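Undergrad: no sequence for this one, just the structure:
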Ligand SMILES: Cc1cc2nc3c(=O)[nH]c(=O)nc-3n(C[C@H](O)[C@H](O)[C@H](O)COP(=O)(O)O)c2cc1C
């Protein structure tokens, strides 16, 4: 069974709610999903999984929250080339850079050569009923994408 990990930062629970729904989607698609809060783990944990998903709220002026800084530095030490990943998060459209932290994480992952499985999922505050379903689908889609990648080659592990 393919194993996924979702690592997230959430101050008021919106990104956490998305993370739980994405995990639900992964599990309903027949894979395993673990959830971790970013400041409670080291990025080396990613090595134990077939693919990973990062979730974050946005802080300051479109910035990545401080909780993610150490994790990003630790990720730089890993070989993430070809590893399947996706990014999601919650923000607020009244800010200049809506979900800027999601874009920042995605750019870093692209820079390290990771394989972005799908367009990032951005939600304003907590997910609406419709967005809850989008979160589940987001989880299910990365499972399908990993299945397709593994069919084409032996798969790249972290
Ligand atoms: C001081 C502060 C700065 C913020 N800056 C941004 C921002 O630049 N862009 C954005 O989209 N949201 C911004 N937000 C909104 C949060 O990202 C948003 O409330 C989000 O839903 C919080 O997610 P969480 O419940 O997972 O912590 C900011 C919020 C605060 C309190």
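TA: On my side now, so go ahead. Note that this is a predicted model, so its numbers are computed, not measured.

Undergrad: Low-confidence stretches in this structure?
TA: 154-158 (pLDDT under 70).

Undergrad: Helices along that one, start to end?
TA: Using DSSP state H, the helices assigned to the chain run over residues 14-28, 69-76, 100-111, 129-152.

Undergrad: out of those, which comes closest to residue 47?
TA: Comparing those against residue 47 with C-beta to C-beta, the closest turns out to be helix 69-76 (11.0 Å). From N, CA and C alone the C-beta is placed, and that goes for glycine too.

Undergrad: so the closest one versus helix 100-111, what angle?
TA: Interaxial angle, helix 69-76 versus helix 100-111 (axes from the mean of the first three to the mean of the last three C-alpha atoms, to 10 degrees): 20 degrees.

Undergrad: what does the chain have sitting close to the ligand?
TA: Proximity of the chain to the ligand is assessed by C-beta under 6 Å from any ligand atom, with 10-16, 57-62, 90-92, 95, 97-100, 125 identified as the residues in range.

Undergrad: Now, of the residues you listed, which are buried?
TA: Listed as buried from those are 10, 14-16, 57-59, 62, 90-91, 98-100; burial here means 16 or more other C-beta atoms under 10 Å.

Undergrad: what's across from the closest residue to the ligand within the chain in the sheet?
TA: Across the chain, no residue is closer to the ligand than residue 91, which sits at 2.4 Å (C-beta to the nearest ligand atom). The bridge-partner assignment for residue 91, based on DSSP bridges, gives residue 124.

Undergrad: Hmm, residue 124 and it touching each other?
TA: Yes: under the criterion of C-beta atoms under 8 Å, residue 91 makes contact with residue 124 at 6.4 Å.

Undergrad: list residues touching both of those two?
TA: Taking C-beta atoms under 8 Å, 6 or more residues apart in numbering as the contact criterion, the residues that touch both residue 91 and residue 124 are residue 98.
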